[in-house]
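sequence first, then the predicted structure:
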Amino acid sequence: MEFKDYYAIMDVPRDATAEQIKQAYRKLARKYHPDVSKEPDAEARFKDVGEAYEVLRDPQKRAAYDQLGKGPPPGQEFRPPPDWGSGFEFRGAGDGGGAGDASEFFESLFGRAGFGGGGGFGGGGRARPRRDRGEDHHARFVVDLEASLEGATRAVTLRVPEYDADGRPALHERTLNVKIPKGIQAGQHIRLAGQGEGLPGGGKPGDLLLEVAFAPHAIYRPDGRDLLLDLPVTPTEAALGATVKTPTPAGPVELRIPAGSKAGAKLRLRGRGLPSQPPGDLYATLQIALPPADSDAARKAYEALAAVPFNPRSSLGV
Amino acid sequence: MMADLDTIALGGEVLEDQQLSLDQLCDFCAVERWQVIEWVEEGVLETQLSAGREPRFSGTVLRRARVAVRLQRDFGVNAPGVALVLDLLERVQALERAQPRQL
């Protein structure tokens, strides 16, 4: 398995104080928290940071981890030494943490129970134990916009912990095909009853809650049930008005651009957004695209336009 | 079993299409009732609270509630702070959506 250098992940020296480690954690957590971060790999980074903090903030775990040194040379597999961890009291600490939060590396050292829930998107200890049925599982479900536009079936792959015959946990991948209801919006949740965690005694399993997110789309940006679109028009079309072809999810339509339109003007196409109940609208924001002055004809046209008195800086007082 | 799952498409319900009870919201967020009440009082979640009546929540509060759980757990933010962060996040997201793409 891969050795994790928790000091490098936290960007602190190996002799960092507890206070330095806490400050580093807070800073990195703000940077990579999946709810606030724009970093592309925020979720994975946040998990790493949470795990590193879990070890480095705990004097026992940190001392045990320090015994490993800096890990094997690059490219070589890490294996915990056979006598590793003897004399340390950390197994069974913490509240169990969230499902699938800790890495294989962490679990090989501290066991699953060692994870106290210092971070990790989607997991977290449950404040209120529920005895009558298994835990609900939560997962993010990234789908293409077309799935909502048309209604479709998409696969979601979940990593769920399962216990083997010896009671050791391992992460298993589980793929489910899920029907995407037509018109679903980003941030909405699909509940799949009975697809959560089972109970050892064979009781009623929990539910699986999938939070829908859209992968970026080449043309549209979803905003609730509405769709936003940047529509480039020529200066002539904007100034004199025109009817231009514009894409909509249901196919291109002719859109009337009023004379005297300015860049940033929003034109609404009612009912052309996501097919929710009620359906959303499509908003086309005009962008003025300048024809390149790369031919004699184009240059002459610009020069002719320059003969028209117009001071775009009059509002600046110059 | 895996092969079976591959061929079956599971249909679920969209939680935002329904009204949620206080207990359902607590279940979906794995929190106690007092926590949800505090969130309502501090403006994290919106609902009508009236004496002697169980509150009902529009399904759209679920996302804010789930983010609130994570912000409290991961940053130790209190309820008024969570409300502030959520409102600011929504403003940032609205601005990002409105941002035109480069031609």
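Right, received. Where do you want to start?

for stretch A:244-251, buried residues please.
A:Val244, A:Thr246, A:Pro247, A:Thr248, A:Pro249 (16 or more other Cβ atoms under 10 Å in any protein chain shown). For glycine as for every other residue, the C-beta is placed from the backbone atoms N, C-alpha and C.

biggest separation within those residues, which pair?
A:Val244 and A:Pro249 (17.5 Å; Cβ to Cβ).

quick one: the strands in the stretch 51-200 of chain A?
A:137-143, A:152-163, A:169-180, A:189-192 (DSSP state E, counting those that start in this stretch).

now the phi/psi pair for the residue nearest the centre of chain A, please.
Chain A has A:Pro34 as the residue nearest its centroid, 6.1 Å off, counting by Cα atoms, centre = their mean. Main-chain dihedrals, A:Pro34, degrees, to the nearest 10: phi -60, psi -20.

and the residue lying closest to B:Asp17 once chain neighbours are set aside, what does it touch?
Take B:Asp17 and drop its neighbours on the chain: the residue closest to it by Cβ to Cβ, 6 or more residues apart in numbering or on different chains is B:Gly59, 6.2 Å away. Going by Cβ atoms under 8 Å, 6 or more residues apart in numbering or on different chains, B:Gly59 touches A:Gln188, A:His189, B:Val14, B:Leu15, B:Glu16, B:Asp17, B:Gln18, B:Gln19, B:Leu20.

in chain A, what spans have low per-residue confidence?
Counting by pLDDT under 70, the low-confidence segments of chain A come to A:74-75, A:82-101, A:111-131, A:161, A:163-164, A:167-169, A:200.

would you map the strands across chain B?
For chain B, applying DSSP state E gives strands covering B:9-10, B:13-14, B:19-21, B:56-58.

I'd like these as TSV, with distance to chain A, mean neighbour count and mean pLDDT appended.
Formatted as TSV, the strands of chain B follow (distance: least, Cβ to the nearest Cβ, whole Å; neighbours: other Cβ atoms under 10 Å in any protein chain shown; pLDDT from 0 to 100):
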stretch	distance to chain A	mean neighbour count	mean pLDDT
strand B:9-10	4	16	88
strand B:13-14	5	16	90
strand B:19-21	10	15	89
strand B:56-58	12	16	88
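
nearest to A:Gln277, of these?
Of all those, strand B:13-14 sits nearest to A:Gln277, with 10.4 Å by Cβ to Cβ.

tell me, how many residues neighbour B:Glu90?
11 (other Cβ atoms under 10 Å in any protein chain shown).

apologies, that question was intended for A:Val12.
So A:Val12, with other Cβ under 10 Å, has 19 neighbours.

hmm, it is touching A:Ala18, no?
No. Counting by Cβ atoms under 8 Å, A:Val12 does not reach A:Ala18; the two are 10.6 Å apart.

overlap of the contact sets of the two?
Common neighbours of A:Val12 and A:Ala18 (Cβ under 8 Å, 6+ apart) do not exist.
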